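Asker: Provided below are the primary sequence and the corresponding predicted coordinates.
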Amino acid sequence: MKISFYQRFDIYKLAILTLSILSCILYHRKGHYWGDDFALYIHQAKALMLNGINELIETNLFAINNSSFHDFSPTLAPWGLPCLLTPLYQFFGLNIEVFKTLIALFYILFIFSFYSFCNKFHTKTISFIYTLFLIVIPALASHTSAVQTEFPYLFFSMVTLLIMTGYKLNKYRLSQSVLIGVLIFICSQIRTEGILLLGSLLFFQSFEIIKNFRSFFKIRAIIWVITPPFIFVLLTFITGLFLPAGFVSHINFYSKVSISSIIGNSASYINIVSSFLIPKYSYVFSFTLFGFMLYGLFKNFPHNKILVIYTTFLIILYMIWPFFEIRYAFLILPFALYFILDGLKSILKLYLAKKYKTVFFTLTILAIMFSLIRNGEEIIEEKNFTRNEIEGPYKKDAAKMFNFVSAKTDPKSVIIFFRARAMSLYTNRKSVMIFGNDKNRVFDIGDYLVINKNNVICQIQHSDPFLNSALFTHRFKQVYENESYVIFKRKLG
């Protein structure tokens, strides 16, 4: 029977495309934030183009070892995002808007892949509702204004999970095994969390082996087990021959793990995910959603083991990881949302029988509308806010400051600045961060001290009397100033 165009056409996909593009446009802002993980990604892309990886390692290690705080950066970030940025840098240079367009594209692709994943287990209508919850979250869409790894990783990991859910011992192709290994490699090169996908696959395979133990010793079963990890290890080994894996240096951060950090992170992620879904949440509401999620995990395990295992691993990782950041919650959010809604649906089905669908649709649509209404003021404010450029390295005063450092300082100078990696990217100078409680170290290291007048963290404050003290003025002199920055140079002799 021939299927007509109208039968094949998915109106929901058109709606998702339209809404996700509108979200990107609505929350787009010029420039970039000061948080300088982005600077390391771009600097690595630049280093790839200019064959300057060793120089970058030296520069970043200098910043890490000589700053007041040593845990702000790995030696190098994973190479996935820098590799994606490299061709853009080749043609457009340090054009941040081009880089952000790539991130927005991955946001849209991620939204589509999430819908496709949901549609594998649910109807198109339910899948669309699940996806719509993601699209109406302002924090998620506004993150497209940052050159970060979250959306590329979410897209590739979602595609990987989509393929792995169909990776069964009794029906697989060798090409599928190879593709899974390649995708896990790509994910791990974008974010180190990608290794959890391999762990999840091996854990899932152990259940399949137990269920089909008699078949396990056949060649076909052995190939099914070893091919994805073999491809992953092979590609990782080959990549290591050409690119240094400096990002493993942040494994040392686990020495900071404590019971209090685990408890604090757990509560923080539960609350932040709740705030994404419903603004102005309460703790009761947060832990109610957490209960729905746990029930959703339980109900999905028999038929969706791979997603349950991966989500569990991911949550445990971020509970243990000693540093909490809101953007890390973006990596948990789609899976938490999926299981929260599945848990709610299962509970309604348990107690309401045939009426559960009507109640579920009513509750979810009301929740989406409520979220939109409560976010209405924020959306309007954000729309007005987007007319202003982000306070960061691409603002006019910052650009002038960087130009002065590039043009008027010796290439071997060390610049003290509150965002060392950004300073190195834009000026090709070594840079370190010196905090206000460590201010006397400016006499031991640094040829120039650059102060942001906005009294940002990670620096000596512009209002600090130290900058006017006899001790400081005897050693440093002011050589540049604009509305936002002032630069001091160490005196000779």
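Answerer: Yep, it's here. Numbers count the residues shown, from 1 in each chain.
Asker: Break down this structure into its strands, ranges please.
Answerer: 414-416, 430-432, 448-452, 476-481, 485-490 (DSSP state E).
Asker: Mind listing the strands the second one pairs with, and their directions?
Answerer: To tie it back to what came earlier, the one meant is strand 430-432. Strand pairing for strand 430-432, determined by DSSP bridges: strand 414-416 (parallel).
Asker: what number of residues lie near residue 409?
Answerer: 19 (other CB atoms under 10 Å). Placement of C-beta: from N, CA and C, glycine included.
Asker: To clarify, my last question referred to residue 68.
Answerer: 16.
Asker: for residue 165, same thing?
Answerer: Residue 165 - counted by other CB under 10 Å - has 17 other residues nearby.
Asker: To residue 319, which of the strands of the chain lies closest?
Answerer: strand 430-432 (32.1 Å; CB to CB).
Asker: outside of the closest one, which residues touch it?
Answerer: Around strand 430-432, the neighbours that count as contacts under CB atoms under 8 Å, 6 or more residues apart in numbering are 59, 62-63, 66-67, 412-417, 420-421, 423-424, 445-446.
Asker: for the closest residue to residue 119 other than its chain neighbours, what are its contacts?
Answerer: Nearest residue to residue 119, sequence neighbours excluded (CB to CB, 6 or more residues apart in numbering): residue 127, at 4.2 Å. Residue 127 makes contact with 12, 115, 118, 119, according to CB under 8 Å, 6+ apart.
Asker: How confident is the prediction for the closest residue to the second one other than its chain neighbours, by pLDDT?
Answerer: The one in question is residue 115. Nearest residue to residue 115, sequence neighbours excluded (CB to CB, 6+ apart): residue 131, at 4.4 Å. The per-residue pLDDT reported for residue 131 equals 96.
Asker: Would you confirm that residue 223 contacts residue 177?
Answerer: Yes. Contact criterion CB atoms under 8 Å: residue 223 and residue 177 qualify, at 6.9 Å.
Asker: For the two, work out which one has more neighbours and name it.
Answerer: residue 177 (20 against 13).
Asker: so the more buried one touches residue 227, yeah?
Answerer: Yes. At 3.6 Å, residue 177 and residue 227 qualify as touching, with contact defined as CB under 8 Å.
Asker: burial of the spatially closest residue to residue 261 that is not a sequence neighbour, as a residue count?
Answerer: Of all residues not flanking residue 261 in the chain, residue 322 sits nearest, at 5.1 Å (CB to CB, 6+ apart). Neighbourhood size, residue 322 [other CB under 10 Å]: 15.
Asker: correct me, but residue 322 touches residue 257?
Answerer: Yes. Using CB under 8 Å, residue 322 is in contact with residue 257, at 5.2 Å.
Asker: Let me see the contact set for the spatially most central residue of the chain.
Answerer: Nearest to the geometric centre of the chain sits residue 150, at 2.7 Å (CA atoms, centre = their mean). Residue 150 is in contact with 143, 327, 330, 331, counting by CB under 8 Å, 6+ apart.
Asker: burial of the first one, as a residue count?
Answerer: By that I understand residue 143. Counted with other CB under 10 Å, residue 143 comes out at 19.
Asker: Report the contact partners of it.
Answerer: By CB under 8 Å, 6+ apart, the neighbours of residue 143 are 107, 150, 151, 327, 330.
Asker: Skip the chain neighbours and tell me the closest residue to the last one.
Answerer: Translated: residue 330. Setting aside the residues directly before and after it, residue 330 is nearest to residue 150 in space (CB to CB, 6+ apart), at 4.8 Å.
Asker: okay, the one you found: pLDDT?
Answerer: At residue 150, pLDDT is 97.
Asker: could you measure it against residue 190, distance?
Answerer: Note on residue 150: its distance to residue 190, by CB to CB, to the nearest Å, is 9 Å.
Asker: Could you do residue 166 as well?
Answerer: 23 Å.
Asker: would you list every one of the helices in the stretch 51-200 of the chain?
Answerer: Here the stretch 51-200 of the chain has its helices, by DSSP state H, counting those that start in this stretch, at 53-66, 80-92, 96-121, 124-135, 138-142, 150-164, 174-190, 195-211.
Asker: so which of those comes closest to residue 318?
Answerer: Distance to residue 318, taken as CB to CB, is lowest for helix 195-211 among those, at 10.7 Å.
Asker: May I see the buried residues of the closest one?
Answerer: 195, 196, 197, 198, 200, 201, 203, 204, 205, 208 (16 or more other CB atoms under 10 Å).
Asker: for these, which one is nearest residue 50?
Answerer: Taking the buried residues of helix 195-211 together and measuring to residue 50 by CB to CB, the closest member is residue 195, at 29.7 Å.
Asker: For that closest one, which non-adjacent residue is spatially closest?
Answerer: According to CB to CB, 6+ apart, the nearest residue to residue 195 is residue 188 (5.1 Å).
Asker: Of all pairs in the contacts of residue 143, which one spans the longest distance?
Answerer: Most distant of these, by CB to CB, are 107 and 327, 12.9 Å apart.
Asker: Mean confidence (pLDDT) on stretch 51-65, please.
Answerer: Rounded mean pLDDT across stretch 51-65 is 95.
Asker: How about residues contacting that stretch?
Answerer: 40, 43-44, 46-47, 70, 72-73, 75-76, 243-244, 246, 414, 420-421, 424, 430-433.
Asker: Pick out the lowest-pLDDT one from the contacts of residue 150.
Answerer: Minimum confidence in the contacts of residue 150 sits at residue 327, scoring 90.
Asker: that older thread, test my guess that the residue nearest to residue 195 contacts residue 79.
Answerer: No. Using CB under 8 Å, residue 188 is not in contact with residue 79; the gap is 10.2 Å.
Asker: Residue ranges in the stretch 151-300 of the chain under the pLDDT threshold?
Answerer: Along the stretch 151-300 of the chain, the parts satisfying pLDDT under 70 run over 215, 246-255, 279-282.
Asker: I'd assumed residue 115 was in contact with residue 12.
Answerer: Yes. Judged on CB under 8 Å, residue 12 makes contact with residue 115 at a distance of 7.1 Å.
Asker: Name the residues contacting each of those two.
Answerer: Jointly contacting residue 12 and residue 115 under the rule CB under 8 Å, 6+ apart are 127, 128, 131.
Asker: What count of nearby residues applies to residue 157?
Answerer: 28.
Asker: Check residue 174 too.
Answerer: Close neighbours of residue 174, defined as other CB under 10 Å, add up to 11.
Asker: Distance check, it against residue 226.
Answerer: Taking CB to CB, one finds residue 174 at 12 Å from residue 226.
Asker: before we move on, what about residue 454?
Answerer: Per CB to CB, residue 454 is found 55 Å from residue 226.
Asker: Repeat that for residue 60.
Answerer: With CB to CB as the criterion, residue 60 and residue 226 are 37 Å apart.
Asker: which phi and psi does residue 243 have?
Answerer: phi -130, psi 130 (degrees, to the nearest 10).
Asker: So it sits against residue 79, correct?
Answerer: Yes. Applying CB under 8 Å, one finds residue 243 in contact with residue 79, separated by 5.2 Å.
Asker: could you measure the nearest residue to residue 445 once chain neighbours are set aside against residue 424, distance?
Answerer: In space, and not counting its chain neighbours, residue 445 is closest to residue 66: 5.7 Å by CB to CB, 6+ apart. From residue 66 across to residue 424, the span is 12 Å (CB to CB).
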